[in-house]
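# Quick one: sequence and predicted model below, then my questions.
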Amino acid sequence: MRIISGHYGGRLLKSPPDHRTRPTSGRLRETLFNILAPRIEGTRFLDLCSGSGAIGIEALSRGAEFVTFVDRSRKACALIEENLDKLGIPEDETDVQNFEAETFVGRSHEIAWDIVFYDPPYSADYSVVLHEFGDKKGLLADDGILIVEHLARKTMPDIVGSLRRWRLLKQGETHLSFYEKA
């Protein structure tokens, strides 16, 4: 797995050794960051269900100010730390948290994220996390966006609390739903 562009562009990342973690494809990552390019600089980015950390590291590479990585697997968190160390990314630009996504977003936080990328296992129930972002104040910045990766056959709502879906990107069997505050 390779960082596509930016400060760390072309650098290799370690991939998860097992096949239980499904990394976002390089093609989909490139498309995602082409869409995010005008708004990534200086953002606080949340990579929720991080896996290898490739999405969050790509965000840092392209100018995000700070990335929070969250994964339920201790092995995944260790892999993220290893990838951050391998690239020499300063510790004050990242935070790695070992939590279930639902538990993490259910807690109170001192910051609001500008961009959130949520990529749970495709079999997961997305509704708890979506409702936390749609109903809870302070998780998503006022002009922030939540991007959800899901299978084409999984129906995502157009409106969740204060969020509305403004874009649906289709790439094969994988879709990205983009939400913002209504």
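Happy to help now that I have it. Residues are numbered from 1 along each chain as shown.

# what about the longest strand anywhere in the chain, distance to the chain center?
Ranked by residue count and defined by DSSP state E, the top strand of the chain is strand 140-151. Distance of strand 140-151 from the chain centroid (CA atoms, centre = their mean, to the nearest Å) equals 9 Å.

# ditto for stretch 128-136
Put simply, stretch 128-136 sits 15 Å off its chain's centre (CA atoms, centre = their mean).

# Run through the neighbouring helices and strands of whichever helix or strand residue 134 is part of.
If you go by DSSP states H and E, residue 134 is part of helix 127-135. Applying 3 or more CB pairs under 8 Å, 6 or more residues apart in numbering; DSSP states H and E, we find helix 127-135 packed against helix 101-106, strand 140-151, strand 159-160, strand 163-171, strand 174-181. Glycine gets a C-beta too; all of them are placed from N, C-alpha and C.

# for the shortest one, packing partners?
So that's strand 159-160. Against strand 159-160 (3+ CB pairs under 8 Å, 6+ apart) you get helix 127-135.

# Can you check what angle separates the helix it packs on from strand 163-171?
Going by axes from the mean of the first three to the mean of the last three CA atoms, to 10 degrees, helix 127-135 is angled at 130 degrees with respect to strand 163-171.

# Give me the contacts around helix 127-135.
48, 101-102, 105-106, 116, 118, 120, 139-140, 146, 148, 156-157, 160-163, 179 (CB atoms under 8 Å, 6 or more residues apart in numbering).

# in it, what's buried?
Of all the residues in helix 127-135, those buried under the rule 16 or more other CB atoms under 10 Å are 129, 130, 131, 132, 133, 134.

# and if you look at stretch 134-141?
134, 139, 140, 141.

# just curious, which of those is nearest to residue 68?
The closest of the buried residues of stretch 134-141 to residue 68 turns out to be residue 139 (CB to CB; 11.3 Å).

# What about the nearest residue to residue 141 once chain neighbours are set aside, how many residues nearby?
Among residues not flanking residue 141 along the chain, residue 112 sits closest, at 4.3 Å (CB to CB, 6 or more residues apart in numbering). Applying other CB atoms under 10 Å, we find 15 residues neighbouring residue 112.

# what do you get for residue 156?
Residue 156: 16 surrounding residues under other CB under 10 Å.

# I'd say it and residue 167 touch.
No. Using CB atoms under 8 Å, residue 156 is not in contact with residue 167; the gap is 11.6 Å.

# Next, show the common contact partners of those two.
Shared contacts of residue 156 and residue 167, defined by CB under 8 Å, 6+ apart, comprise residue 177.
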